[in-house]
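S.K.: Structure for this input, please:
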Amino acid sequence: MGFGETDTTSGRAATTRALLLSALAIAACLCLWRGAQVFTADATSLATGSPEEARLAGLLEPVAGAGKVRVSLRKSADGTAHYLVMLDRTPEEGAELPARIQAVIAAAAGYDAAAGDTLSVQQFPFSAGSGRALAPAAKGNCCTDSVSPAGAS
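M.R.: Numbers count the residues shown, from 1 in each chain. The predicted structure follows:
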C-alpha cells in the first residue's frame with residue numbers, strides 16, 4: 001500500500017460480521033418467540049387436519065362441547081366421503097348425540113348415505129393434557145356408535 005491508500009478490507013469484514021451477528025440474534029429471538037407460543041398455547045387451539053376438518057369440528061363443538069370433538073374426513077377416488085367423528089365422552093353420556101351429529105354433518109358437509117358416504121361416531125375419553133392424543137376407555141372395551149343411513153336398521 002502506498003501513501004494515502006486505506007485498507008477497506010478490514011472495514012468490510014467488520015460490517016459483514018456485525019450484519020451476520022444481527023441476523024443471528026433476530027433469528028434466535030423469532031425461534032424463542034415461536035417456541036413460547038407453541039408450548040404455552042392451549043392444545044385445542046392448535047389447528048390439526050385439513051381446513052374442512054377444522055371447519056366441521058368447529059360446527060360440532062356447540063353440539064358436543066368445546067374441545068371435545070375431533071373430525072377426520074377422507075374422500076375416495078370414486079367421490080364418496082368417509083367421516084370419522086371422535087367425541088370426548090363415554091357412550092352413556094350422549095346416547096342421542098350420534099343422530100344430532102349426523103344432522104350437522106349432512107347439513108354442513110353434504111353427507112349423503114345414498115351416495116355411499118359413511119359416518120362413524122366414536123365416543124371415548126380423550127387423554128388428559130393433550131388436544132391431539134386419545135386414550136382408551138377406563139373400563140373394558142370402548143363402545144362405538146355407527147350412524148346408519150336414515151330409515152335403515
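
S.K.: List the buried residues for whichever strand or helix holds Gly35?
M.R.: Here Gly35 is covered by helix 9-40, with elements defined by DSSP states H and E. Within helix 9-40, no residue is scored as buried using 16 or more other CB atoms under 10 Å. The way it works is simple: take the backbone N, C-alpha and C, and place the C-beta from them, glycine included.

S.K.: Can you list the neighbours in contact with the helix or strand Gly58 falls within?
M.R.: For Gly58, the element it lies in under DSSP H and E is helix 51-64. Applying CB atoms under 8 Å, 6 or more residues apart in numbering, the external contacts of helix 51-64 come out as 47-49, 67-73, 83, 85, 87-89, 94, 97, 100-101, 104-105, 108-109.

S.K.: Which elements pack onto the one helix or strand Pro98 maps to?
M.R.: Taking DSSP H and E as the criterion, the element that holds Pro98 is helix 97-109. When contacts are defined as 3 or more CB pairs under 8 Å, 6 or more residues apart in numbering; DSSP states H and E, helix 97-109 packs onto helix 51-64, strand 81-88, strand 118-124.

S.K.: got the CA coordinates for the longest one in CSV?
M.R.: Only the C-alpha atoms of helix 51-64 are listed here, as CSV (Å, rounded to 0.1, in the frame of the first residue of the first chain):
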residue,chain,number,x,y,z
PRO,A,51,-59.3,-26.8,6.9
GLU,A,52,-62.5,-28.8,6.1
GLU,A,53,-61.9,-31.0,9.2
ALA,A,54,-61.3,-27.9,11.3
ARG,A,55,-64.5,-26.3,10.0
LEU,A,56,-66.6,-29.4,10.7
ALA,A,57,-65.1,-29.7,14.2
GLY,A,58,-65.9,-26.0,14.9
LEU,A,59,-69.5,-26.7,13.8
LEU,A,60,-69.8,-29.7,16.0
GLU,A,61,-68.4,-28.1,19.1
PRO,A,62,-71.7,-26.4,20.1
VAL,A,63,-73.3,-29.9,20.0
ALA,A,64,-70.6,-31.9,21.6
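
S.K.: can you state the direction angle for that helix and strand 118-124?
M.R.: Put simply, helix 51-64 runs at 50 degrees to strand 118-124, going by axes from the mean of the first three to the mean of the last three CA atoms, to 10 degrees.

S.K.: Helix 51-64: which residues count as buried?
M.R.: Neighbour-count burial for helix 51-64, counted by 16+ other CB under 10 Å, picks out Glu53, Leu56, Ala57, Leu59, Leu60, Val63, Ala64.
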